[in-house]
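**Student:** my questions are about this predicted structure, shown below with the sequence.
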Amino acid sequence: MMPSKPLVLSLGDPAGVGPELIVASWFARDVHSLAPFCALGGARLLAAAAKKRGLDVPVVQVSSLEEVAAVFPRALPVFGAIDGDYAPAQPCKAGAQLALDSLTQATALAISGDASALVTGPIAKSLLAEVGFAFPGQTEFVADACGVEAQDAVMMLAGPSLRTVPLTVHVALSAVPSLVTQDLITRRARIVARALQRDYGLAHPRLAIAALNPHAGEDGRFGDEDQRIVAPAIATLRAEGIDATGPHPADGLFAPRGRATFDAALCMYHDQALVPIKALDFDQGVNVTLGLPIIRTSPDHGTAFGIAGQAKAEVGATVAAIRMAAQCARRREKAA
Ligand SMILES: NC(=O)c1ccc[n+]([C@@H]2O[C@H](COP(=O)([O-])OP(=O)(O)OC[C@H]3O[C@@H](n4cnc5c(N)ncnc54)[C@H](O)[C@@H]3O)[C@@H](O)[C@H]2O)c1
Ligand SMILES: N[C@H](C(=O)O)[C@H](O)COP(=O)(O)O
């Protein structure tokens, strides 16, 4: 079943793989039974990306999202006049500005309800900062646009094998221990549990909380945060009826037998969460933002400037992000 409104895709950095993966996703729309979507801007740029990738992708400018469903079977719908020159692997400020404008306008369409969900193309954070982007990433930007505090917008990486949540994200590793608090763990765990119930249909989600220290500190021999902070946070969650376990030593948590014991693993820092997902499911991994009034997903990868424009970039993670956005949007519509 498809959501009642189309999805909207932001372009991402136009020098990255985002544009070619938008046209490649449209080209694979029937194979993957994709719900109708439109790109936000970039009609000329997307046509050039399709040509460069060797794909026959007609691009049609639409004046309303209500036209998307009728156009989608025969052409890639584009809403919005913003555009730029296609120069893969040549990032520049103008491209970063186009990425930001596309993200801003696409986010507004999801918030207004004109689009059923937002799928964001990969951006380069450092380049976006040069055009005034003052957020750590797209997660925080979309949360702010939705009026949600950054601490209540939770990044989850989801693939066929695994779901992980980095409790701390784009911060230096040296800052992590001081950021790991009982409130951080319990606040985000509650959001994850609710989202797995609401958007993924898991009535009793099982949350595994990874330990910060190797072997969970080995009874305090190398670090006591797991005893002092993580274990009490888990006790608080369990007292509330949330099925949280741990602190689990991360080295064994993602083995097949470990993965079978939980629905999502809450991890202490970015790479503890993202390494297993990208190792196991790179070409099907989805970055989804939990805790928002809208559905927002993105592929699990970045701009991949080194291969942009060479028809080497795998489309799987973008397709997975589109599919997950449509599934979550549809589930929310049915529950409304
Ligand atoms: N979703 C996002 O917006 C997102 C995600 C991760 C990184 N980033 C940003 O992207 C920029 C580059 O980051 P990075 O180099 O660490 O990560 P990256 O994901 O862009 O690239 C990492 C490696 O994966 C490869 N790769 C990425 N996507 C691929 C695809 N679809 N098919 C085949 N190979 C692929 C790249 O060629 C590279 O070798 C940074 O500015 C980073 O902040 C954005
Ligand atoms: N941490 C994400 C990843 O590596 O996939 C990526 O940086 C995207 O973060 P935002 O969606 O917040 O930009």
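**Tutor:** Yep, it's here. Ligands and ions are numbered 1, 2, ... in the order given.
**Student:** tell me which parts of the stretch 151-300 of the chain are close to ligand 2?
**Tutor:** Leu274, Asn287, Ser298, Asp300 (C-beta under 6 Å from any ligand atom). Using the backbone N, CA and C atoms, a C-beta is placed for each residue, glycine as well.
**Student:** buried subset of the residues you listed?
**Tutor:** By neighbour count, with 16 or more other C-beta atoms under 10 Å, those hold Leu274, Asn287, Ser298, Asp300 as buried.
**Student:** tell me which of the residues of the stretch 151-300 of the chain next to ligand 2 fall in helices.
**Tutor:** Leu274 (DSSP state H).
**Student:** identify the farthest-apart pair in the residues of the stretch 151-300 of the chain next to ligand 2.
**Tutor:** Farthest-apart pair in those is Leu274 and Ser298; separation 13.0 Å (C-beta to C-beta).
**Student:** list the contacts of the residue of the chain found nearest ligand 2.
**Tutor:** The nearest approach of the chain to ligand 2 comes at Gly137, 2.6 Å away (C-beta to the nearest ligand atom). For Gly137, the contacting residues are Lys125, Val169, His170, taking C-beta atoms under 8 Å, 6 or more residues apart in numbering as the criterion.
**Student:** now rank those residues by neighbours and give me the top one.
**Tutor:** Val169 (18 neighbours; other C-beta atoms under 10 Å).
**Student:** these two touch, right, it and Met268?
**Tutor:** No - contact between Val169 and Met268 fails when scored by C-beta atoms under 8 Å: they sit 11.0 Å apart.
**Student:** so what's the residue count around whichever residue of the chain sits closest to ligand 1?
**Tutor:** Ranked by C-beta to the nearest ligand atom, the top residue of the chain for proximity to ligand 1 is Gly302, at 2.3 Å. Using other C-beta under 10 Å, Gly302 has 16 neighbouring residues.
**Student:** do the one 4 residues further on as well
**Tutor:** Applying the criterion other C-beta under 10 Å, we find 10 residues in the vicinity of Gly306.
**Student:** repeat for the one 10 residues further on
**Tutor:** If you count neighbours by other C-beta under 10 Å, Gly316 ends up with 21.
**Student:** OK, contacts around it?
**Tutor:** Asp283, Gln284.
**Student:** kindly provide the distance from it to Gly220.
**Tutor:** According to C-beta to C-beta, to the nearest Å, Gly316 and Gly220 sit 43 Å apart.
**Student:** ok, Leu21 next?
**Tutor:** Taken as C-beta to C-beta, the span from Leu21 to Gly220 is 47 Å.
**Student:** so between the two, which is more surrounded?
**Tutor:** When Leu21 and Gly220 are compared on other C-beta under 10 Å, the one with more neighbours turns out to be Leu21, at 29 against 13.
**Student:** that one touches Pro299, doesn't it?
**Tutor:** Yes - here Leu21 reaches Pro299: they are 7.1 Å apart, a contact under C-beta under 8 Å.
**Student:** which residues are in contact with both of these two?
**Tutor:** Residues touching both Leu21 and Pro299 (C-beta under 8 Å, 6+ apart) are Gly121, Thr318.
**Student:** residue ranges of the strands in the stretch 1-150 of the chain, please?
**Tutor:** Remark: strands assigned in the stretch 1-150 of the chain by DSSP state E, counting those that start in this stretch are 7-9, 37-40, 59-62, 76-79, 117-119.
**Student:** now swap in the stretch 151-300 of the chain and tell me
**Tutor:** Under DSSP E, counting those that start in this stretch, the stretch 151-300 of the chain gives strands at 154-158, 163-166, 206-210, 243-248, 264-267, 286-290, 296-299.
**Student:** now mean pLDDT too, for these, in CSV please.
**Tutor:** Supplementary listing: the strands of the stretch 151-300 of the chain in CSV, determined by pLDDT from 0 to 100:
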stretch, mean pLDDT
strand 154-158, 98
strand 163-166, 98
strand 206-210, 98
strand 243-248, 98
strand 264-267, 98
strand 286-290, 98
strand 296-299, 98
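**Student:** and the ones you listed as JSON lines, adding distance to ligand 1?
**Tutor:** Formatted as JSON lines, those follow (distance: least, C-beta to the nearest ligand atom, whole Å):
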{"stretch": "strand 154-158", "distance to ligand 1": "10"}
{"stretch": "strand 163-166", "distance to ligand 1": "12"}
{"stretch": "strand 206-210", "distance to ligand 1": "21"}
{"stretch": "strand 243-248", "distance to ligand 1": "26"}
{"stretch": "strand 264-267", "distance to ligand 1": "16"}
{"stretch": "strand 286-290", "distance to ligand 1": "5"}
{"stretch": "strand 296-299", "distance to ligand 1": "4"}
